[in-house]
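1. Have a look; sequence and predicted model below, questions after that.
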There are 2 protein chains.
Amino acid sequence: MRLRDVGEFGFIDRIAAMVGEDSRVVLGIGDDAALLDLGGPELVAVTTDAMLEHQHFDLTWLEPGEVGWRAASGALSDLAAMGATPVSVFCTVGLPPFWLVEAAEALLRGVAEAARAVDATLTGGDVIAAENALVDIMALGLVPDGQQLTRGGARPGNLLAVTGSLGAPAAAVQALSEWGHDALDHDPRRAPIRARFAHPEPRVAAGRAIALSGLATAAIDISDGIIQDAGHIAERSGVRCIIEAPRIPVAEGVRAIAEELGTDPLPWILAGGEEFELLLAIEPNSAEALASLEEVAAIGLTVIGRVEAGEGVVAVDDSGQVIDLPTGGWDHFWRHPRS
Amino acid sequence: MRLRDVGEFGFIDRIAAMVGEDSRVVLGIGDDAALLDLGGPELVAVTTDAMLEHQHFDLTWLEPGEVGWRAASGALSDLAAMGATPVSVFCTVGLPPFWLVEAAEALLRGVAEAARAVDATLTGGDVIAAENALVDIMALGLVPDGQQLTRGGARPGNLLAVTGSLGAPAAAVQALSEWGHDALDHDPRRAPIRARFAHPEPRVAAGRAIALSGLATAAIDISDGIIQDAGHIAERSGVRCIIEAPRIPVAEGVRAIAEELGTDPLPWILAGGEEFELLLAIEPNSAEALASLEEVAAIGLTVIGRVEAGEGVVAVDDSGQVIDLPTGGWDHFWRHPRS
């Protein structure tokens, strides 16, 4: 049996089964970040996120500094989903020896700037030579014990809510694939799409505010597609998630690109990864209070579904019919879209 | 100008220059691990160490479990060099989708076992698909503030001392290269070489004991060759390191392999990487007390040189003549041996 047969998440389940218990590990494999109790005033949240050239990014589509920014933002988004305040970013880079020093510096500067944008620091890392560029980010943050957001607390009767709007990263990838590497550079109507794709903003301030409010029962960041990420909440919470697809806010410019491409943007919105928005489970009577938190109001919060008893996740249309999706989100050992 | 022109350490210097100040970062880029003050009773030490197939390891030479063990041990050795007690290991693995699940599990089990061997836990990580296997380890540990070992405290008049013995990893690589992948499997005289190569033991207990004793002025683990690693102490401490080559203990079986290959083992001992022994600077009157610490006595400690005013590092022979070395140790953007 090979990795492609069990898939990324099947393999992670097997790894989790071989890990021993440790009283200092408050939360181990299976959430956005691990939580450690190192005896300090807050829990230490740690997450890692790796990106490979040609698989997660393409240097004909992104500047090196944007690659660094996006990679760091992916890990910082995991901390946001725990409600943790980032402290340090560590970056392992693999780079071809023929790379211009200026390009390599720009990539690392992107990492350092993404850290600085959330009051954290690029604190260390490792540098190796590699045939294709790779960026592996480890981000470390702090969250007060008892305030952490996890995937595991959603309950039947909860609502599902999402910050911001979805669809831009997948629309960008589709446009760049179909129209070429400069597809998003000249038309000002496409500028918001490129900005969201190249310069995503992890929801650190909102995540922290939500955690401290105590008003969310579960949280995850949307890095593998909202359906798949809702599936993680469903699995860890032992519940069923219903996504009401028409309620999901669609990012500016997404519908126009879909129209020009003659395609339906729904798969982008439901299965597109690297959105770095937060998906929350909340008590129905908390929705208004959460949406009015200053850091949340700044990016918007929309109820887009509900939690029921059961298991798994479905997306439904206006009439409540289940939407049949060709893709189930990102799995590293399959290909996107998964067949 | 390209990365191969400035080299790994020239590039790291450039990265260090772009990193901002942060009062929580007690020690940043430029030592074996970063040290963070997160408000707890001890400082948090964090290090990352990445290994790539065909560059740092070859699966015709090592079992997958050994690859995992060695990768984790490399990062744990960095913690040992700070005197830190490991708590958690995080592992990013990139694996080809056609890999057998059993091989992938064995690799991760090697990581988990290396962590468990020093009372730490594999706590998390990331899994991605990659053409060639890669293992990036982040290790996190604790060290009481004021007890940490760094590269920066060596003073003129200090002695240099090394734990254990050197040469086995380079001898193994040479034997495997010249004689083929089973060169170390059948002859029992070569078994110690294979064991040291495939199953290195990071000097965690000794590092901790040395740190708590307060008897070392500087420390580093030998991961890039003793000459190059002594050079890091020289640079960070603002001193000159003299390595008296004939005093370096040579690992069991190294001379026999050198003899069979008709070569001089000295370059292996002076420039061979991934030894994972500790190189210390110590006050002359501390040598005996350090060597008699239980955890140090178990692996041995040998004075192999001295610290002078000045800069740089040289190796000298019995008569005090400087040894002209063809290699300067490992640099990821050059090739080993560096020309």
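-> Yes, it's here. Please read these numbers as outputs of a predicted model, since none were measured by experiment.

2. Show me the helices in the stretch 201-339 of chain A, by range?
-> A:204-213, A:226-237, A:254-261, A:266-271, A:287-291, A:294-297 (DSSP state H, counting those that start in this stretch).

3. try the stretch 1-150 of chain A
-> Using DSSP H, counting those that start in this stretch, helices in the stretch 1-150 of chain A cover A:3-18, A:64-82, A:101-116.

4. what does the first one contact?
-> Counting by C-beta atoms under 8 Å, 6 or more residues apart in numbering or on different chains, the neighbours of helix A:3-18 from elsewhere in the structure are A:28-30, A:331-334, B:95-101, B:104-105, B:108-109, B:112, B:122, B:125, B:127, B:129. For the C-beta atoms, the positions are set from N, CA and C on the backbone; glycine is no exception.

5. Just the buried ones from those?
-> A:28-30, A:331-334, B:95-97, B:99, B:101, B:104-105, B:108-109, B:112, B:122, B:125, B:127, B:129 (16 or more other C-beta atoms under 10 Å in any protein chain shown).

6. Check the gap between A:Leu280 and B:Asn132 for me.
-> Relative to B:Asn132, A:Leu280 is positioned 39 Å away (C-beta to C-beta, to the nearest Å).

7. And those two? Which one has more around it.
-> For A:Leu280 versus B:Asn132, neighbours defined as other C-beta atoms under 10 Å in any protein chain shown are more numerous around A:Leu280 (31 against 15).

8. and the more buried one, what are its bridge partners?
-> Here A:Leu280 sits in beta bridges with A:Ala161, A:Ala219, going by DSSP bridges.

9. Between the two ends of stretch A:179-193, how far is it?
-> Stretch A:179-193 has its terminal residues 14 Å apart, counting by C-alpha to C-alpha, to the nearest Å.

10. Next, the buried residues of it.
-> By 16+ other C-beta under 10 Å, the buried positions in stretch A:179-193 come out as A:Ala183, A:Leu184, A:Arg190, A:Ile193.

11. The residue in the stretch 151-300 of chain A positioned nearest to chain B: neighbour count?
-> Distances between the stretch 151-300 of chain A and chain B by C-beta to the nearest C-beta are smallest at A:Ser223, namely 10.8 Å. Neighbour count for A:Ser223, taken as other C-beta under 10 Å: 21.

12. same deal with A:Ala297?
-> 13.

13. residues contacting the residue nearest to it when sequence neighbours are not counted?
-> Leaving out its chain neighbours, the residue that sits closest to A:Ala297 by C-beta to C-beta, 6 or more residues apart in numbering or on different chains is A:Ala291, at 6.5 Å. Counting by C-beta under 8 Å, 6+ apart, A:Ala291 makes contact with A:Ala161, A:Ala297, A:Gly300, A:Leu301.

14. Tell me where the stretch 201-339 of chain A is predicted with low confidence.
-> Scanning the stretch 201-339 of chain A for pLDDT under 70 picks out A:326-339.

15. Could you rerun that using 90?
-> Applying pLDDT under 90 to the stretch 201-339 of chain A picks out residues A:324-339.

16. Could you dump the helices of the stretch 201-339 of chain A into JSON lines with distance to B:Arg203 added?
-> Below are the helices of the stretch 201-339 of chain A laid out as JSON lines (distance: least, C-beta to C-beta, whole Å):
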{"stretch": "helix A:204-213", "distance to B:Arg203": "38"}
{"stretch": "helix A:226-237", "distance to B:Arg203": "39"}
{"stretch": "helix A:254-261", "distance to B:Arg203": "55"}
{"stretch": "helix A:266-271", "distance to B:Arg203": "48"}
{"stretch": "helix A:287-291", "distance to B:Arg203": "50"}
{"stretch": "helix A:294-297", "distance to B:Arg203": "46"}
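
17. Just tell me which of the ones you listed ends up closest to B:Glu21.
-> helix A:204-213 (20.2 Å; C-beta to C-beta).

18. any idea how far B:Glu252 is from the residue nearest to A:Leu142 when sequence neighbours are not counted?
-> Closest residue to A:Leu142 apart from its sequence neighbours, by C-beta to C-beta, 6+ apart: A:Glu42 at 4.0 Å. To B:Glu252, A:Glu42 is 48 Å away according to C-beta to C-beta.

19. out of the two, which sits in the busier spot?
-> Comparing A:Glu42 with B:Glu252 by other C-beta under 10 Å, the one with more neighbours is A:Glu42, at 21 against 16.

20. Where does chain A get nearest to chain B, residue-wise?
-> For chain A, C-beta to the nearest C-beta, closest residue to chain B: A:Gly40, 2.9 Å.

21. contacting residues for that residue?
-> Going by C-beta under 8 Å, 6+ apart, A:Gly40 touches A:Leu142, B:Leu38, B:Gly39, B:Gly40, B:Pro41.

22. got a list of what the last one touches?
-> Contact analysis of B:Pro41 by C-beta under 8 Å, 6+ apart lists A:Gly39, A:Gly40, B:Pro144.

23. now with 10 Å?
-> A:Leu38, A:Gly39, A:Gly40, B:Leu142, B:Pro144, B:Asp145 (C-beta atoms under 10 Å, 6 or more residues apart in numbering or on different chains).

24. same deal with the second one?
-> When contacts are counted by C-beta under 10 Å, 6+ apart, B:Leu38 touches A:38-44, A:87-88, A:140-142, B:24, B:44.

25. can you pull the pLDDT of it?
-> pLDDT for B:Leu38: 96.

26. From the centroid of chain A, which residue is nearest?
-> A:Ser223 (2.7 Å; C-alpha atoms, centre = their mean).

27. re earlier: dump the buried residues of stretch A:179-193 into a markdown table; add distance to A:Leu59 as well.
-> Formatted as a markdown table, those follow (distance: C-beta to C-beta, whole Å):
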| residue | distance to A:Leu59 |
| --- | --- |
| A:Ala183 | 16 |
| A:Leu184 | 15 |
| A:Arg190 | 20 |
| A:Ile193 | 19 |
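
28. so what's A:Gly74 closest to, chain neighbours aside?
-> A:Asp49 (4.3 Å).

29. Around the one you found, how many other residues sit close by?
-> 26.
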